[in-house]
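Engineer: Can you look at this prediction? I've put the sequence above it.
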Amino acid sequence: MKITVIGGSGLIGKKLVNNLRQLGHEVVAASPSLGVNSITGEGLAEAIRGAQVVVDVTSPPSFEDQAVMEFFETSTRNLLAAEAAAGVNHHVALSVVGTDRLLQSGYFRAKMAQEELIKSSKIPYTIVRATQFFEFVGSIAYVATEGDTVRLPSALTQPMAADDVAAAVADCTIGEPVNGMVEVAGPDQIRLDELARHFLSATGDKRQVVTDENALYFASVAVNDQSLVPSDGDARVTSTRFEDWLGQSVKQV
């Protein structure tokens, strides 16, 4: 099967391309650095030509409210139009668990707009909503840092490894379209402040994590125990635990 991965040079994209190729599929990795731009349309028709499935794992170059909205709306419209012209029969997109509960954030409003465009198209689709990646815990702490203090709420999370995200997207890519959502999450729930505390301790970072229920997630949105975890019991649960990933990551560093 021919599969085109839009965003194929990013964190998830590279892993996904490798996974699908190992499964024996013909995979086109597409991104601006590889000559394919879903915003300008450069190389898009050629990259999609002959593909049965197109997977969108793109990330915006800017997270400013207007810029991120323009990115996801323009990119998604261009992708869906090119797919319709090429006869693609499955559109897969990576999104975020809790998107509809985090609309204070411009990023999540943009992800919601992306999802709505996919749902309203005539192309069969699967939207894979994943929880936060282990790989982004350092960024969460960085954004929440004031001097030597990291201020985070104690909201529940259920984060997962990027390898597991890519594996879950690969499973959905080679499966039949569900014309709906698939939620994927890590095996354990852990509170956001504790997640950062464990990460900083393991990496020898001297910053102190202070639990502050008024602190915002990524400095943009208030969260509670329902915001960052799957909405029901049907989520696919992956196997990599945070402690195991963290131990391996520290060894590699």
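Structural biologist: That came through fine. Just so you know, these numbers come straight off a predicted model, no measurement behind them. Residues are numbered from 1 along each chain as shown.

Engineer: Quick one: neighbours of residue 65, just the number.
Structural biologist: Residues near residue 65, counting by other Cβ atoms under 10 Å, number 14. C-betas here are computed from N, CA, C, even on glycine.

Engineer: same question, residue 110
Structural biologist: 23.

Engineer: ok but it is inside a helix, no?
Structural biologist: Yes - under DSSP: H, G, I helix; E, B strand; the rest coil, residue 110 falls within a helix.

Engineer: quick one, what contacts it?
Structural biologist: 60, 65, 68-69, 71-73 (Cβ atoms under 8 Å, 6 or more residues apart in numbering).

Engineer: ok, now residue 240?
Structural biologist: 134, 160-161, 163-164, 186-187 are the contacts of residue 240 under Cβ under 8 Å, 6+ apart.

Engineer: What about those residues, which one has the most neighbours?
Structural biologist: Within the contacts of residue 240, residue 160 tops the neighbour count with 30 neighbours, counted by other Cβ under 10 Å.

Engineer: Torsion angles phi and psi at that one?
Structural biologist: When read as degrees, to the nearest 10, the backbone of residue 160 gives phi -150, psi 160.

Engineer: if I read this right, it contacts residue 134, doesn't it?
Structural biologist: Yes - assessed by Cβ atoms under 8 Å, residue 160 is found in contact with residue 134 at 6.8 Å.

Engineer: Mind listing the shared neighbours of these two?
Structural biologist: What both residue 160 and residue 134 touch, as defined by Cβ under 8 Å, 6+ apart, is the set 186, 240.

Engineer: Mind jotting down where the strands sit in this protein?
Structural biologist: Secondary structure of the chain by DSSP state E: the strands cover 2-6, 26-30, 53-56, 90-96, 125-130, 145-146, 149-152, 156-157, 180-185, 190-191, 208-211, 236-237.

Engineer: chain center to the first one, what's the gap?
Structural biologist: Right, the one you point to is strand 2-6. Computed by Cα atoms, centre = their mean, to the nearest Å, the chain-centroid distance of strand 2-6 equals 17 Å.
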